[in-house]
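Chemist: Quick check, what structure comes out for this input:
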Amino acid sequence: MERVVITGIGMVTPVGVGTDASYKALIEGQSGVGPVTLFPITDEYPTRIAAEVKCFEPTAYMEKKKLKEVARFIPFALASATMAFEQSGLELTDEIREEAGVYIGVGLGGIENLEGCTLTLHTKGPKRVSPYVIPSLIANMAAGQVSIHWGLRGPSFCHTSACASSAHAIGEAFRLIQYGRAPMMVAGGAEATVSPVAIAGFGAMFALSRRNDEPTRASRPWDLGRDGFVCGEGSATLILESLAHAKKRGAKILGEIVGYGASCDAYHITKPVPEGVGAVRAMQLALRDAKLDPSVIDYVNAHGTSTPTGDIEESKALCKVFGANATDKRLWVSSTKSMMGHLLGAAGAVEAAVCLKAMENSVVPPTINLEDQDPEVAIDCVPLTARERKLHHVMSNSFGFGGTNATLIFSAFAE
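Modeler: Residues are numbered from 1 along each chain as shown. Sure, this is the predicted structure:
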């Protein structure tokens, strides 16, 4: 089995365009949440806040004339992939292009273009519908456009598993390289769902925070005052390579992916199973895959969405997996969704990137807004301010509607 390392990271998030900008904002505890600006929103919406990407210029990553062919999530994917490739220093030969592939997880795809097309259809008729509407909005076009842009002719897949989409994409890319079927893979996630249907739909489920007057304080995982998540958008991309391939070209290695676990609650379309047993299984499978004892994990970037039920069940799952290490507060756990909101299909990739940056810098981002921790939560959630710690092994959790669960484990690289 091949060892798999990371040689490039790219991030586009509500707190920064760029990997270093995003990570710096997170360790400083900056919130990217504010009033919705991407569409006209009225008081009829119970939630009127979101975590939008600011100061993003798509023409820096694709031709202006091509913008009419894509929904917003696709330029995000191209941008983070560009950043990851630039950091990796990878020279794409014809041989590499023949084998290398792209796995990008997307939860909902170009929902805003579907909305726009529907309005056009009803008001102007079918002859006015754009020929680009279908290829602009289908979820696999993030991977497709990245594959086309760099001429990568290996497998190009979109993993769509709700909020675990991009964690699954990274995990499955890891497996492909492990089994020797590709020398390198582009893996990550992209999402842009700050749109009328998404905000109204999640709002109708009472899933979103309604702290419209305090947007920066709205996402508050594990806090007694939490009332739902905040919808976010963005992307993250990792360049994964076999260790042999990375060493052969003298690449700088940013970390190693060592474990991946996936499970299903098989319980409910939106609610987590009691006691977090599905999450427990995903974490245990990842630890078994990595051949690591739970006691050596230093930090967990939790799913931690800020929902009343989900936060409790995840904390119970962490206590079950990590035992005294968690309850005695030796394990540090934080939710960067407190600052970036919930990036849905892109969340797993963005949070994996955060884990890698935390290992590189020995600084764990905080859970902001955690002012009154729920007494049912028995773990150390790194409240309010970042902390310094040498990190050897870190875990990232992603759970989604339909009961889908994914866990990734990364380690500091050692020969």
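Chemist: average pLDDT for the helix or strand hosting residue 197?
Modeler: Using DSSP states H and E, residue 197 sits within helix 196-204. Average pLDDT, helix 196-204: 96.
Chemist: what's it packed up against?
Modeler: helix 111-124 (3 or more CB pairs under 8 Å, 6 or more residues apart in numbering; DSSP states H and E). Bear in mind the C-beta positions are built from the backbone N, C-alpha and C, glycine included.
Chemist: circling back to that earlier point, got the contact list for the helix holding residue 197?
Modeler: By CB atoms under 8 Å, 6 or more residues apart in numbering, the list of residues contacting helix 196-204 from outside reads 36, 39, 41, 45-48, 50, 108, 111, 114-115, 208, 229, 231.
Chemist: cutoff 7 Å now
Modeler: Here helix 196-204 makes contact (CB atoms under 7 Å, 6 or more residues apart in numbering) with 36, 39, 45, 46, 47, 50, 108, 111, 115, 208, 231.
Chemist: and if you look at stretch 73-90?
Modeler: 7-12, 18-19, 58, 61-62, 104, 106, 109-110, 141-142, 145-146, 149, 186, 188, 190-192, 234-239, 251.
Chemist: re the thing from before, and the very next helix or strand once past the helix holding residue 197, average pLDDT?
Modeler: Later in the chain than helix 196-204, the nearest helix or strand by DSSP H and E is strand 234-242. Mean pLDDT, computed over strand 234-242, is 98.
Chemist: Name the residues of the helix or strand just after strand 234-242 that are buried.
Modeler: Note on strand 234-242: by DSSP H and E, the next helix or strand toward the C-terminus is helix 243-248. Residues of helix 243-248 classed as buried by neighbour count (16 or more other CB atoms under 10 Å): 243, 245, 246.
Chemist: Turn the residues you listed into a markdown table, including distance to residue 271.
Modeler: Below are these laid out as a markdown table (distance: CB to CB, whole Å):
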| residue | distance to residue 271 |
| --- | --- |
| 243 | 41 |
| 245 | 43 |
| 246 | 42 |
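Chemist: circling back: list only those of the contacts of stretch 73-90 flagged as buried.
Modeler: Taking 16+ other CB under 10 Å as the criterion, what is buried in the contacts of stretch 73-90 is 7-12, 19, 58, 61-62, 104, 106, 109-110, 141-142, 145-146, 149, 186, 188, 190-192, 234-239, 251.
Chemist: Point out the ones among those residues that are inside strands.
Modeler: Judged by DSSP state E, strands contain the following of those: 7-12, 104, 186, 188, 190-191, 234-239.
Chemist: angle of the helix holding residue 197 against helix 111-124?
Modeler: Angle between the axes of helix 196-204 and helix 111-124 is 110 degrees (criterion: axes from the mean of the first three to the mean of the last three CA atoms, to 10 degrees).
Chemist: gap between residue 97 and residue 251?
Modeler: Relative to residue 251, residue 97 is positioned 17 Å away (CB to CB, to the nearest Å).
Chemist: and the spatially closest residue to residue 284 that is not a sequence neighbour, how many neighbours?
Modeler: Nearest residue to residue 284, sequence neighbours excluded (CB to CB, 6 or more residues apart in numbering): residue 321, at 6.2 Å. Residues within reach of residue 321, counting by other CB atoms under 10 Å, total 24.
Chemist: can you map out the helices along this structure?
Modeler: Taking DSSP state H to define them, one finds helices in the chain at 19-27, 73-88, 94-99, 111-124, 133-137, 141-150, 165-178, 196-204, 243-248, 277-290, 308-322, 324-327, 337-340, 347-361.
Chemist: Counting neighbours, show which residues of the second one come out buried.
Modeler: When you say that, I think you mean helix 73-88. Buried residues in helix 73-88 (16+ other CB under 10 Å): 73-85, 87-88.
Chemist: where are the low-confidence patches of this protein?
Modeler: Residues of the chain meeting the criterion pLDDT under 70: none.
Chemist: quick check: domain ranges of it?
Modeler: According to automatic domain parsing, the chain comprises the domains 4-248, 260-411.
Chemist: how far away is residue 392 from residue 309?
Modeler: 32 Å.
Chemist: which ones are touching the residue nearest the centre of the chain?
Modeler: Taking CA atoms, centre = their mean, the centroid of the chain lies closest to residue 347, which sits 2.0 Å from it. By CB under 7 Å, 6+ apart, the contact set of residue 347 is 163, 166, 398.
Chemist: Dig out what the last one forms beta bridges with.
Modeler: The one in question is residue 398. Beta-bridge partners recorded for residue 398 (DSSP bridges): residue 406.
Chemist: correct me, but it touches residue 165?
Modeler: No. Here residue 398 does not reach residue 165: they are 8.1 Å apart, not a contact under CB atoms under 7 Å.
Chemist: Quick check on these two: which one has the bigger neighbour count.
Modeler: Between residue 398 and residue 165, counting by other CB under 10 Å, residue 398 is the more crowded of the two (34 against 30).
Chemist: Kindly provide the distance from the more buried one to residue 382.
Modeler: 19 Å.
Chemist: and the contacts of residue 347 as TSV, adding distance to residue 25?
Modeler: Formatted as TSV, those follow (distance: CB to CB, whole Å):
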residue	distance to residue 25
163	22
166	20
398	21
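Chemist: Pick out whichever of those sits closest to residue 269.
Modeler: residue 163 (13.0 Å; CB to CB).
Chemist: residue contacts, the closest one?
Modeler: Counted by CB under 7 Å, 6+ apart, residue 163 has contacts 107, 342, 344, 345, 347, 398, 399, 400.
Chemist: let's see 8 Å
Modeler: 107, 303, 305, 342, 344, 345, 347, 348, 398, 399, 400, 401.
Chemist: check contacts around the fifth one.
Modeler: So that's residue 344. Contacts of residue 344 (CB under 8 Å, 6+ apart): 107, 108, 162, 163, 165, 191, 193, 231, 232.
Chemist: now the first one
Modeler: Counting by CB under 8 Å, 6+ apart, residue 107 makes contact with 139, 160, 161, 162, 163, 165, 191, 193, 344, 345, 346, 400.
Chemist: Taking these, tell me the two that lie furthest apart.
Modeler: Going by CB to CB, the pair spanning the contacts of residue 107 furthest: 161 and 193, at 15.2 Å.
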